[in-house]
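J.: Quick one: sequence plus predicted model below, questions after.
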Amino acid sequence: MIIRETKNAFVLVKQHDHAKLSGELAAHFQDRFFMMERVEESPGMPEVTKESIVFGVTEHDRGWIRPDDTPIWDDHLHAPYSFNEYPLLPKVTFYQMGIDELEQMHPYAALLSSLYYSVFEDLQTSERDDCVAFIHNEEERQQRISQKYTGVQQETLVLHRQILQTCDGLSLYVCLNAPGISKDEEHEWFKDGVPGSEPFGGGGLVQLNWIDEKTVKADPSPFDGEFVTTLREKQVSKDRIKEVGIAQAYEETEWTEQEIRFV
């Protein structure tokens with residue numbers, strides 16, 4: 001879950017819904033960023049296209065589909081567990097499960113997710129056996145899939161992974177920052193811009209800010225024009241959580257859709 005706290009509620013967004021928004025953002029990236037002219041077909045493998053890269057971005061968090069069905073309470077923070085605070089070892093299991101599923105759907109999409117997840121700092125620095133094994137397994141996966149996509153130049157592959165990272169960050173910005181919030185009140189992750197977005201910001205980071213409660217401005221914009229999209233979320237009452245617990249309060253809360261216009 002992605003969690004944003006307000007005075008009276010917790011705003012919860014499922015990881016897979018956030019990933020769908022990431023994919024919509026990727027679909028609106030300027031075609032030149034995909035460098036498709038530098039991709040040759042790999043015999044016997046699913047074709048690498050802009051659509052397959054967008055698919056990989058859309059599905060990169062599919063390992064969270066089942067665990068996000070019901071939120072879990074964090075007794076320490078007195079809030080639902082967010083993806084960032086979720087215990088590391090089960091999180092690693094979800095990561096690997098999702099990449100395994102994605103590889104069956106499109107190996108190149110799985111390669112992008114594997115490259116993205118395997119450089120997460122908490123996994124890279126952990127000495128726990130499960131984390132070490134995860135990194136090792138993903139390195140083997142990357143080598144296995146890359147050997148089947150020899151027509152994709154390394155520079156192009158890196159850029160495609162950065163599209164995933166950047167769109168993940170663009171979507172997280174919307175999830176973690178209340179509509180219309182001022183720049184000085186933004187989540188700390190975005191104070192200097194969207195992490196990893198240098199290739200799409202002319203060498204600097206893409207800057208985002210809410211200019212009203214429905215509009216986000218990207219500067220410089222990586223998009224091919226203005227567009228409108230939506231994000232599904234639940235605003236779960238804190239009072240109701242105290243009465244019946246997080247699971248029931250979440251279950252009985254209706255979904256709402258937040259409309260966002262990117263300019």
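T.: Ah, there it is.

J.: buried sites along the helix or strand bottoming out on mean pLDDT in the chain?
T.: Taking mean pLDDT, DSSP states H and E as the measure, the chain has helix 121-124 as its least confident helix or strand, at a mean of 91. Neighbour counts over helix 121-124 (16 or more other C-beta atoms under 10 Å) mark residue 123 as buried. In short, each C-beta sits where N, CA and C put it, glycine included.

J.: can you give me the helices for the stretch 51-200 of the chain?
T.: 88-105, 107-117, 121-124, 129-146, 154-176 (DSSP state H, counting those that start in this stretch).

J.: and these, which is most packed in?
T.: Of all the helices of the stretch 51-200 of the chain, helix 107-117 carries the top mean neighbour count, a mean of 25, counting by mean count of other C-beta atoms under 10 Å.

J.: ok and that helix relative to helix 154-176, angle-wise?
T.: 70 degrees (axes from the mean of the first three to the mean of the last three C-alpha atoms, to 10 degrees).

J.: what sits up against the least confident helix or strand of the chain?
T.: 88, 92, 117, 118, 131, 134, 135 (C-beta atoms under 8 Å, 6 or more residues apart in numbering).

J.: Please apply the same query to stretch 197-206.
T.: By C-beta under 8 Å, 6+ apart, stretch 197-206 touches 29, 33, 159, 162-163, 165-166, 169-170, 192-195, 207, 218-222.

J.: repeat that for 10 Å
T.: Residues from elsewhere that reach stretch 197-206 (C-beta atoms under 10 Å, 6 or more residues apart in numbering): 29-30, 33, 158-159, 162-163, 165-167, 169-170, 173, 190, 192-196, 207-208, 218-223.

J.: can I get the contacts of helix 121-124 in a markdown table with distance to residue 73?
T.: Shown next, in a markdown table, are those (distance: C-beta to C-beta, whole Å):
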| residue | distance to residue 73 |
| --- | --- |
| 88 | 18 |
| 92 | 21 |
| 117 | 26 |
| 118 | 30 |
| 131 | 25 |
| 134 | 26 |
| 135 | 30 |
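
J.: ok, so of those, who is nearest residue 18?
T.: Among these, residue 117 lies closest to residue 18 (C-beta to C-beta), at 15.1 Å.

J.: Nearest spatial neighbour of that closest one, chain-adjacent residues omitted?
T.: residue 95 (5.1 Å; C-beta to C-beta, 6 or more residues apart in numbering).

J.: thinking that neighbour is in contact with residue 63, fair?
T.: Yes - contact criterion C-beta atoms under 10 Å: residue 95 and residue 63 qualify, at 5.5 Å.

J.: Quick check: neighbours shared by those two?
T.: In contact with both residue 95 and residue 63: 113, 117, using C-beta under 10 Å, 6+ apart.

J.: hang on, the earlier thing: can you tell me how far the residue nearest to residue 117 is from residue 118?
T.: Shown here: residue 95 relative to residue 118, a distance of 9 Å by C-beta to C-beta, to the nearest Å.

J.: likewise residue 134?
T.: 8 Å.

J.: do the same with residue 9
T.: In terms of C-beta to C-beta, residue 9 sits 35 Å off from residue 118.

J.: With residue 25 instead?
T.: From residue 25 to residue 118 the distance is 23 Å (C-beta to C-beta).

J.: What of residue 3?
T.: 25 Å.
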